[in-house]
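> Give me the fold of what follows.
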Amino acid sequence: MSGFKIQAGLTIASHLFFIFLTFRSFIALRFDQILQKDQVGPARVFLIMLACAIGYGVSSFLLSMINQFSIIFTNIR
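Here you go, the predicted structure:
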C-alpha cells in the first residue's frame, strides 16, 4: 500500500514540475509584448491553461516511458 502512495506523490510532483517548467518557458518567450495592453489578463489565463495541458502531456509521456522500461527490464531476467 505504501508503494501506491509513493507513486502517487511522484506522479503529482512530476506533473507540477513540468507544468511549472512549461509556464516558465512561456514567460521567457514574452508573449505579453505581442498582445494589446487590455488583452494581457485573458492571455495569461490562456497561457496557464496551455502550460497545464502541455506539462501534463509531457509528464504523462515520461512517466509512461519509465513504467514501460521498468516492465521490459524486469521481465528480461
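> so how far is Leu29 from the residue most central in space within the chain?
For the chain, the residue nearest the mean C-alpha position is Gly55 (2.2 Å; C-alpha atoms, centre = their mean). According to C-beta to C-beta, to the nearest Å, Gly55 and Leu29 sit 15 Å apart. C-beta: built from backbone N, CA, C; applies to glycine.
> Determine the longest helix present in the protein.
helix 40-75 (DSSP state H).
> Please tell me how far that one is from the chain's geometric centre.
Distance of helix 40-75 from its chain centroid, counting by C-alpha atoms, centre = their mean, to the nearest Å, is 4 Å.
> list the helices and strands it packs on?
Contacting helix 40-75 under the criterion 3 or more C-beta pairs under 8 Å, 6 or more residues apart in numbering; DSSP states H and E are the following elements: helix 2-28.
> Which strands and helices lie in contact with the helix it packs on?
helix 40-75.
> Quick check: buried residues in the helix it packs on?
Arg44, Leu47, Ala51, Cys52, Ile54, Gly55, Tyr56, Val58, Ser59, Leu63 (16 or more other C-beta atoms under 10 Å).
> relative to helix 2-28, how tilted is it?
140 degrees (axes from the mean of the first three to the mean of the last three C-alpha atoms, to 10 degrees).
> What's the mean pLDDT across stretch 39-47?
Mean pLDDT, computed over stretch 39-47, is 84.
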